[in-house]
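# this one's structure only:
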């Protein structure tokens, strides 16, 4: 089995190396990851300048582009068009749940894989400190092995979040829907040494609504959360309503 592995935290990420270690027990892993932090870039693709790809070790490549660009370069250049059997992103530093998945470079890796028709997964560790990378990696391996065995429905990829708990305290796996964020919309204004204003978006730990059956609910209750997502963003309820409008 050939696996293309990437992330959005950069080529030096601990989560990337932990995931590489366990996936190497399953198959041949090629890492094509950003050469620096590329979090929250969504599905951005580097189009308007040359992209450099540097081989830094055997089967390890650093790309000066977005996570989606890494997948593109990985499949079409590094692997020379030989399609990987799986495309995997992670392990991300911090959760990717609720509406935040639309910002996520990690999830965009899996979405690009789904676009290519390749079974794809995105793994995130739901914490902002004291990361248990080895525990998360073990669960990531378990989920990957299940997907290898069972396959995935056409057109979907999996967004997987793991609680930052000791291995024996994790309750198991829950397949759940995407939750909703409790937005604070904080923007902090500061001054530079010359008195000019600049801004930081965020600045506090995000929070989500604890609705049963959602990704955040699963994490709060000690489960690994798995949410199937798709590239078709059509709102079908709205579509049925809008079709009845008098558009003329």
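Sure thing, it's come through. From a predicted model like this one, the values you see are computed outputs, not experimental measurements. Residues are numbered from 1 along each chain as shown.
# Nearest residue to residue 127 in space, ignoring adjacent ones along the chain?
residue 164 (3.4 Å; C-beta to C-beta, 6 or more residues apart in numbering). Where C-beta positions appear, they are placed from N, C-alpha and C, glycine not excepted.
# Could I get the full set of strands for this protein?
2-6, 28-34, 53-57, 60-63, 86-93, 120-126, 156-163, 172-175, 187-191, 197-201, 223-230 (DSSP state E).
# Any chance of CSV for the ones you listed, columns mean pLDDT and mean neighbour count?
Output for the strands of the chain, formatted as CSV (pLDDT from 0 to 100; neighbours: other C-beta atoms under 10 Å):
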stretch, mean pLDDT, mean neighbour count
strand 2-6, 97, 24
strand 28-34, 96, 23
strand 53-57, 95, 12
strand 60-63, 96, 22
strand 86-93, 95, 29
strand 120-126, 97, 27
strand 156-163, 96, 26
strand 172-175, 95, 14
strand 187-191, 85, 9
strand 197-201, 81, 9
strand 223-230, 96, 21
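# looking at it, residue 169 is touching residue 222, isn't it?
Yes. Residue 169 is within contact range of residue 222, at 6.4 Å (criterion: C-beta atoms under 8 Å).
# neighbour-wise, which of these two wins?
Between residue 169 and residue 222, residue 222 has the larger neighbour count (other C-beta atoms under 10 Å), namely 13 against 9.
# Tell me the strands beside the lowest-mean-pLDDT helix or strand in the chain, with direction?
Ranked by mean pLDDT, DSSP states H and E, the helix or strand of the chain with the weakest confidence is strand 197-201, at a mean of 81. Counting by DSSP bridges, the strands paired with strand 197-201 are strand 187-191 (antiparallel).
# that older thread, please list the outside residues in contact with the least confident helix or strand of the chain.
186, 187, 188, 189, 190, 191, 192 (C-beta atoms under 8 Å, 6 or more residues apart in numbering).
# closest to residue 134 among those residues?
residue 186 (33.2 Å; C-beta to C-beta).
# So for that closest one, what pLDDT did the model give?
Predicted confidence (pLDDT) at residue 186: the value is 74.
# How about the longest helix belonging to the chain, which residues are buried there?
Within the chain, and with DSSP state H defining each element, the longest helix by residue count is helix 133-150. Neighbour-count burial for helix 133-150 flags 133, 135, 136, 137, 138, 139, 140, 141, 143, 144, 147, 148 (criterion: 16 or more other C-beta atoms under 10 Å).
# Equivalent analysis for stretch 70-83, please.
The neighbour-count check on stretch 70-83 (16+ other C-beta under 10 Å) flags 70, 71, 72, 73, 74, 75, 78 as buried.
# What average pLDDT does it get?
90.
# Quick one: residues in contact with that stretch.
Outside stretch 70-83, the residues touching it (C-beta under 8 Å, 6+ apart) are 2, 4, 6, 30, 32-34, 45, 51, 53, 61, 63, 65, 84, 87, 109, 112-113, 116, 118.
# Likewise for stretch 158-165?
With C-beta under 8 Å, 6+ apart as the test, stretch 158-165 has contacts from 90-91, 95-97, 101, 107, 110, 120-127, 130-132, 135-136, 139-140, 143, 147, 152, 170, 178, 215, 218-219, 222-229.
# try 6 Å this time
95, 97, 101, 107, 121-127, 132, 136, 139, 143, 215, 219, 222, 224-229 (C-beta atoms under 6 Å, 6 or more residues apart in numbering).
# Including distance to residue 247, could the buried residues of stretch 70-83 go into a markdown table?
A markdown table is the format used below for the buried residues of stretch 70-83 (distance: C-beta to C-beta, whole Å):
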| residue | distance to residue 247 |
| --- | --- |
| 70 | 42 |
| 71 | 38 |
| 72 | 38 |
| 73 | 43 |
| 74 | 43 |
| 75 | 41 |
| 78 | 47 |
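# Fine, thanks again, bye for now.
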